[in-house]
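Q: Need coordinates for the below:
(one chain, ligands or ions: 2)
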Amino acid sequence: MQLYNTLSAKERAELIEKAGKDRLTLSFYKYHHIKNPQIFRNHLFVTWDEMDVLGRIYIAREGINGQLSVPADNFRAFKEHLDSITFLKDVRLNIAIEHDDKSFLKLKVKVRNKIVADGLNDDTFDVTDKGVHVDAEKFNELIEDPDTILVDMRNHYESEIGHFKNAITPDVDTFRDSLPIIEEDLKEHKEDKKLVMYCTGGIRCEKASAYFKHKGFKDVYQLEGGIIEYTRQVKGKDLENKFIGKNFVFDERRAERISEDIIAHCHQCGKPCDTHVNCANEACHLLFIQCEECAEKMNRCCSEACMEVVALPYEEQKALRKGKYKSNNIFKKGRSEVLKFKG
Ligand SMILES: [Zn+2]
Ligand SMILES: [Zn+2]
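A: Ligands and ions are numbered 1, 2, ... in the order given. The predicted structure is shown next:
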């Protein structure tokens, strides 16, 4: 029985190209007590590998969180299989609006301690005591209410390229950092305001809403299914779209355009731009926003220092990286001294 990938990403990309079949990019999560994550993991890998499902799935004792790419032809079989697992029956699938057939190139099913690396200590509060879930229509209504405070639960590099109008977008690098900061900023309003929050697919709000309720916020709401589901409902039900810019996503596509507004700037020249790239110097790999012109001028690098590195023969680059394990960790995502226009 094959329990792991045998194809490289490159071989996989070629196969997908050859097959020429449509794939659906989707995500889902569920908090549920899983007794033996490893056995469950193997079961999913074997079943999904046969269906040619690709993606990144985390399984923990607290539940499952997955982002996948499923061949359209196999979607029905995939859904039937999900429904055959009691706690995943009718789980909401967030289906991406822009389809990229190469959004994932491998099937990775990993057992982890948590399904989201949130750095929170679960014992301090009850994760199941979460906020009120609202759909797009109710959300639109709520955020027009003057007694509402709207908070973006994502990180700075995500909200930088797109967010809801009038949302508070904390300048944070991690989810864990954001919670105490938001609590401090809003502590005067624990009882007199409605706290409404959103994130990409809803999973971060599951924990955040429970956290804020635990901290004494009385009226807590969360956008069910996050921006992904909101966009789907806005289109399907012809509602007013209140999200501006792009929705940052964690796969090869990097973002989905939701409105035509470009709210960010090239970090190198400052002109309007909302295209995230990673620095071409593999040892750096900094995530930042770069326009086409700067990409050309800078050879897809974040700095002159990185341009010098990528100009070296590959073997020399490799030698340079030696002994500097994960040197890119010195950079925070989307932040670096070398970027003049990082807002
Ligand atoms: Zn530029
Ligand atoms: Zn760089």
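Q: neighbours around K114, how many?
A: K114 has 16 neighbouring residues, counting by other C-beta atoms under 10 Å. In short, each C-beta sits where N, CA and C put it, glycine included.
Q: Pretty sure it sits in a strand.
A: No. Counting by DSSP: H, G, I helix; E, B strand; the rest coil, K114 falls outside a strand, being coil.
Q: which residue sits closest to it, ignoring its sequence neighbours?
A: What sits nearest to K114 in space, not counting adjacent residues and going by C-beta to C-beta, 6 or more residues apart in numbering, is A60, at 5.2 Å.
Q: Quick check: the one you found touching N36?
A: No. Contact criterion C-beta atoms under 8 Å: A60 and N36 do not qualify, at 11.5 Å.
Q: Among these two, which residue is more densely surrounded?
A: Between A60 and N36, counted using other C-beta under 10 Å, A60 has the larger neighbour count: 18 against 12.
Q: Got the phi and psi for the more buried one?
A: Main-chain torsions, A60, degrees, to the nearest 10: phi -140, psi 170.
Q: Now do the helices in this protein.
A: With DSSP state H, the ranges of helices along the chain come out as 9-19, 37-50, 75-84, 136-144, 156-159, 175-185, 203-214, 226-237, 292-297, 304-310, 314-321.
Q: check contacts around S178.
A: S178 sits next to M153, N155, P170, V172, A208 when contact means C-beta atoms under 8 Å, 6 or more residues apart in numbering.
Q: quick revisit: now mean pLDDT and distance to H265 too, for the helices of the chain, in TSV please.
A: Compiled in TSV, those are given as follows (pLDDT from 0 to 100; distance: least, C-beta to C-beta, whole Å):
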stretch	mean pLDDT	distance to H265
helix 9-19	65	32
helix 37-50	97	40
helix 75-84	95	39
helix 136-144	97	25
helix 156-159	95	13
helix 175-185	92	23
helix 203-214	91	26
helix 226-237	94	21
helix 292-297	97	11
helix 304-310	93	20
helix 314-321	82	30
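Q: for these, which one sits closest to C273?
A: helix 292-297 (8.3 Å; C-beta to C-beta).
Q: Which strands or helices does that closest one pack on?
A: Using 3 or more C-beta pairs under 8 Å, 6 or more residues apart in numbering; DSSP states H and E as the contact test, no helix or strand touches helix 292-297.
Q: what comes up buried for that helix?
A: C294, A295 (16 or more other C-beta atoms under 10 Å).
Q: Please see if it touches ligand 2.
A: No. Judged by C-beta under 5 Å from the ion, helix 292-297 and ligand 2 are separated, with a smallest distance of 12.5 Å.
Q: Please state the offset of that helix from the chain centre?
A: Put simply, helix 292-297 sits 26 Å off its chain's centre (C-alpha atoms, centre = their mean, to the nearest Å).
Q: can you check stretch 36-47 too?
A: 23 Å.
Q: partner residues bridging Y221?
A: V132, V196 (DSSP bridges).
Q: And it, how close does it get to N140?
A: The gap separating Y221 from N140 is 12 Å, by C-beta to C-beta, to the nearest Å.
Q: for K235, same thing?
A: Taken as C-beta to C-beta, the span from K235 to N140 is 14 Å.
Q: picking that back up, more crowded one of Y221 and N140?
A: Taking neighbours as other C-beta under 10 Å, Y221 and N140 compare with Y221 leading, 22 against 18.
Q: May I have the residues that are in contact with the spatially closest residue to S259 that is not a sequence neighbour?
A: With sequence-adjacent residues excluded and distances taken as C-beta to C-beta, 6+ apart, S259 is closest to I244, at 5.0 Å. Counting by C-beta under 8 Å, 6+ apart, I244 touches G162, H163, F164, K165, I258, S259, D261, I263.
Q: among those, which are in strands?
A: Residues of these located in strands (DSSP state E): G162, H163, F164.
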